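# My questions concern the predicted model and sequence given below.
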Protein chains: 2
Amino acid sequence: MSTRIITISRQFGSGGRTIAKEVAKRLGYAYYDKEIIEKVAEKTGFDPKYIEENGEYAPGKSIFSLASSFIGSSRVMGGMSAYDYLWVTQRNTILDIVEQGPCVIVGRCADYILRDRKDALHVFIHASMEARAIRIVNRYGESDKKPEERLKEKDSKRSVNYKHFTGRVWGDCRNYDITLNSDTVGIERSVQIIVDLAKGESKSVLVDKENLR
Amino acid sequence: MSTRIITISRQFGSGGRTIAKEVAKRLGYAYYDKEIIEKVAEKTGFDPKYIEENGEYAPGKSIFSLASSFIGSSRVMGGMSAYDYLWVTQRNTILDIVEQGPCVIVGRCADYILRDRKDALHVFIHASMEARAIRIVNRYGESDKKPEERLKEKDSKRSVNYKHFTGRVWGDCRNYDITLNSDTVGIERSVQIIVDLAKGESKSVLVDKENLR
């Protein structure tokens, strides 16, 4: 049996999304990234922009203002904070998605949510600060802040969000089946390695066969 | 140009050494693991057992008793502690080794020592606690301590040693080009991925070509 689910966690600017899209295309798997935001928006009524900002990042001012706008509807959120409500809805959305067929899911702590699935391959993509800085300026343009500052801020927020909901350290390789540096391994080779792994024998077979060596 | 140097860092019991040996064999590269200990023993006069215990692990009682036996010879060690002297000698040995030809080096912070080499591929191998426990009992036999306790102790010591000399977090994927979970990816597939990467284009070529995407 081949791998049915691939989660791809990534540093901002590492090319992880490019890799994920290409992997999904070559395997013919469904691809979920912004699609998750849309589904969560439908279920919660939250603004997609807020979900994008807060679904993977630590709560900042924006989430508190979001929460305050929901003060009157705490029953809808089951008494949870807006931030926790967003997490629970996002988690349930991911659990629904994987039941619908083979897929590639980008970010959103999917590696943690699906950590016990034997049919899932968990991947983390990172790159050097220099390569990421070039990539974000090319893709998103310049801003008032230096690209390195923007990257450090994003890294820090993702790391805090991940720790908050999973209790784990973001970027610790032990949470993943494979991690790749996209600027030394290369985008194309990273795609190929992931596709080959997904087509290979599933984890459960391997664990039974090889862990006694 | 293909990769000339492969450093393989590994969790105890992960099969990292088995993978490293097989990679060296298939590529026809020199293999350095215990060989480094022998070289360091020759240069320092330290007992190979002490070097093995302290070259990758945090200083414990043994290193202080080792140091005390060298109190009269501080000039030989340039006034350094035995622990720092061991580190410096091990570091210089690794820097010598890589000048002698293509090679695979296991452990000993070689990933950090050779971090700026464009012709080096840095790999980290890990595995689940369950798989590692089975492997160490099969390989080294039972002991008074539970295998999980032995593993946790080893992990902790390696982590402290790595932090002490490199300032980096052991197991953080950002220190490696690739990390692999040997019980979900499999020993044979891990070997194949590393061999293929080593035979591919070198890092410098990739970085120039792909980091602008």
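That came in fine, so what should we check first? If you're wondering where the values come from, they're calculated on a predicted model, not measured in any experiment. Numbers count the residues shown, from 1 in each chain, chains lettered A, B, ... in the order given.

# Can you show me the strands along chain A?
A:5-10, A:30-32, A:103-106, A:120-126, A:178-181 (DSSP state E).

# which one of the ones you listed has the most crowded surroundings?
strand A:178-181 (a mean of 28; mean count of other CB atoms under 10 Å in any protein chain shown). Every residue, glycine included, has its C-beta placed from N, CA and C.

# I'd like the mean pLDDT over stretch A:40-51, please.
For stretch A:40-51, the mean pLDDT works out to 82.

# tell me which residues of it are tucked away?
A:40, A:41, A:44, A:46, A:50, A:51 (16 or more other CB atoms under 10 Å in any protein chain shown).

# what does stretch A:130-146 give?
Across stretch A:130-146, burial judged by 16+ other CB under 10 Å covers A:131, A:132, A:133, A:134, A:135, A:136.

# Could you dump those residues into CSV with pLDDT and distance to residue A:114 added?
Below are the buried residues of stretch A:130-146 laid out as CSV (pLDDT from 0 to 100; distance: CB to CB, whole Å):
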residue, pLDDT, distance to residue A:114
A:131, 92, 28
A:132, 93, 26
A:133, 93, 31
A:134, 91, 32
A:135, 90, 27
A:136, 89, 28
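
# Scan chain A for its longest helix.
Of all segments of type helix in chain A, defined using DSSP state H, the longest is helix A:147-166.

# Do that one and chain B come into contact?
No: Helix A:147-166 stays clear of chain B (CB under 8 Å from any CB of the partner chain), getting no nearer than 9.7 Å.

# what about residue A:161, how many neighbours?
21 (other CB atoms under 10 Å in any protein chain shown).

# meant to ask about residue A:167
Look at residue A:167: counted by other CB under 10 Å, it has 8 neighbours.

# The one 10 residues further on now?
Using other CB under 10 Å, residue A:177 is surrounded by 25 other residues.

# for chain A, where's the lowest mean pLDDT among helices and strands?
In chain A, no helix or strand scores lower on mean pLDDT, DSSP states H and E than helix A:61-68, which sits at a mean of 44.

# Need the mean per-residue confidence for stretch A:105-113.
93.

# hmm, I was thinking of stretch A:139-146
When pLDDT is averaged over stretch A:139-146, the result is 83.

# and if you look at stretch A:188-206?
Stretch A:188-206 shows a mean pLDDT of 82.

# do the same with stretch A:169-179
95.

# List the buried residues of that stretch.
With burial defined by 16+ other CB under 10 Å, the residues of stretch A:169-179 counted as buried are A:170, A:171, A:172, A:173, A:174, A:175, A:176, A:177, A:178, A:179.

# Going by distance to residue A:163, which of those wins?
residue A:170 (6.7 Å; CB to CB).

# Show me where chain A has its helices.
Applying DSSP H to chain A gives helices spanning A:16-27, A:34-44, A:48-54, A:61-68, A:82-97, A:110-113, A:129-140, A:147-166, A:182-185, A:187-199, A:203-210.

# Mean neighbour count, the ones you listed: which tops it?
Highest mean neighbour count among those (mean count of other CB under 10 Å): helix A:182-185, with a mean of 27.

# can you tell me which residue is nearest the centre of chain A?
Closest to where the C-alpha atoms of chain A average out (CA atoms, centre = their mean) is residue A:107, at 0.5 Å.

# Stretch A:184-197 and chain B in contact?
Yes: judged by CB under 8 Å from any CB, stretch A:184-197 and chain B are in contact via A:184, A:185, A:186, A:187, A:188, A:189, A:193, A:197.

# if we can go back for a sec, so which of the buried residues of stretch A:40-51 are also by chain B?
The subset of those within reach of chain B, by CB under 8 Å from any CB, is empty.

# would you list these in TSV and tack on distance to residue A:3?
Shown next, in TSV, are the buried residues of stretch A:40-51 (distance: CB to CB, whole Å):
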residue	distance to residue A:3
A:40	25
A:41	29
A:44	30
A:46	32
A:50	33
A:51	28
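
# distance of residue A:138 from residue A:188?
Note on residue A:138: its distance to residue A:188, by CB to CB, to the nearest Å, is 18 Å.

# on that earlier part again, of the strands of chain A, give the one that comes closest to residue B:8.
That would be, of those and by CB to CB, strand A:178-181, which comes in at 14.6 Å.

# partners of that closest one in the sheet?
strand A:120-126 (parallel), strand B:178-181 (antiparallel) (DSSP bridges).

# Export the residues of stretch A:184-197 next to chain B to JSON lines and append columns for distance to residue A:123.
Below are these laid out as JSON lines (distance: CB to CB, whole Å):
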{"residue": "A:184", "distance to residue A:123": "16"}
{"residue": "A:185", "distance to residue A:123": "12"}
{"residue": "A:186", "distance to residue A:123": "15"}
{"residue": "A:187", "distance to residue A:123": "13"}
{"residue": "A:188", "distance to residue A:123": "15"}
{"residue": "A:189", "distance to residue A:123": "13"}
{"residue": "A:193", "distance to residue A:123": "9"}
{"residue": "A:197", "distance to residue A:123": "9"}
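
# that older thread, which other helices and strands contact the longest helix of chain A?
Judged by 3 or more CB pairs under 8 Å, 6 or more residues apart in numbering or on different chains; DSSP states H and E, the packing partners of helix A:147-166 are helix A:110-113, helix A:129-140.

# next one: the shortest one to chain centre, how far?
This means helix A:110-113. Centre-to-centre, helix A:110-113 and its host chain are 8 Å apart (CA atoms, centre = their mean, to the nearest Å).

# What about contact with chain B: does that helix have any residue there?
No: using CB under 8 Å from any CB, no contact is recorded between helix A:110-113 and chain B, whose separation bottoms out at 12.0 Å.

# helices and strands around that helix, which ones?
strand A:5-10, helix A:82-97, helix A:147-166.

# mean pLDDT lowest for which of those?
Of all those, helix A:82-97 carries the lowest average pLDDT, namely a mean of 86.

# how many degrees apart are it and helix A:34-44 in direction?
Angle, helix A:82-97 to helix A:34-44, by axes from the mean of the first three to the mean of the last three CA atoms, to 10 degrees: 120 degrees.

# what's the angle from helix A:82-97 to strand A:5-10?
With the same axes, to 10 degrees as the basis, helix A:82-97 and strand A:5-10 are set at 140 degrees to each other.

# by contact count, what packs against helix A:82-97?
Counting contacts by 3+ CB pairs under 8 Å, 6+ apart, helix A:82-97 packs against strand A:30-32, helix A:34-44, helix A:48-54, helix A:61-68, strand A:103-106, helix A:110-113.
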